[in-house]
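> Just to be clear, the model below is a prediction. Sequence and coordinates:
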Amino acid sequence: MASSDQENFRRLAVELRILENTAEALQARLNLVNAALTEINFAKMTLDGVEKETPEASLFVPIGGGSFIKARLESTDNVIVGIGAGVSIERTMTEAKETVQNRMSELEKTRLSLQQQLVQVVGRIQEDRDTLQDLSAKLSRTERKSNVPETERGH
């Protein structure tokens, strides 16, 4: 029976490593989705703010690193919207806001799915750790018994 326990221990140890790597990958993907959600939410707030402005309004446009340039708003009617793969197209403000909202919805679905997967994997990791701890204790007891000389065992 000890060899069966040892085999289970090895199998669980390997499974645990795989699950931990999976949890790390899911967490990394979740971080990327959260960053994308933050960015798309910023775009939504910006569109909402720009929509309320009048043409020729003065704006500060972020250029990165906490730096801005001053610009004038030409029009609030049309917006250039990225559609993926580095491609952008001109859309009406309404279409742009719809596009952004659709992206937010898709990212939220993805985030929820990733969170559910992560919860399942973390639960399985905990189960495996508990089982490994039990098996380790059992193997340790078996090891101690087998190292006790015959005369001490009462035989």
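That came through fine.

> nearest spatial neighbour of residue 15, skipping sequence neighbours?
residue 128 (6.0 Å; Cβ to Cβ, 6 or more residues apart in numbering). C-betas here are computed from N, CA, C, even on glycine.

> pLDDT value on the one you found, please?
For residue 128, the pLDDT comes out at 93.

> Would you agree it is in contact with residue 18?
No: using Cβ atoms under 8 Å, residue 128 is not in contact with residue 18, being 9.9 Å away.

> okay, the two: which has more neighbours?
Counted by other Cβ atoms under 10 Å, residue 128 and residue 18 do not tie: residue 128 has more neighbours, with 19 against 12.

> do you know how far that one is from residue 8?
11 Å (Cβ to Cβ, to the nearest Å).

> What ranges in the protein fall below the confidence cut-off?
1-2, 147-155 (pLDDT under 70).

> Tell me which residue is most central in it.
residue 30 (1.3 Å; Cα atoms, centre = their mean).

> hang on, that residue in a strand?
No: checked against DSSP: H, G, I helix; E, B strand; the rest coil, residue 30 lies outside a strand; its state is helix.

> which one is it nearest to, not counting chain neighbours?
Residue 30 sits nearest to residue 114 (Cβ to Cβ, 6+ apart), 4.6 Å away.

> I'd like to know which elements the one helix or strand that neighbour maps to is packed against.
Using DSSP states H and E, residue 114 falls within helix 93-147. For helix 93-147, the packing partners by 3 or more Cβ pairs under 8 Å, 6 or more residues apart in numbering; DSSP states H and E come out as helix 2-52, strand 78-84.
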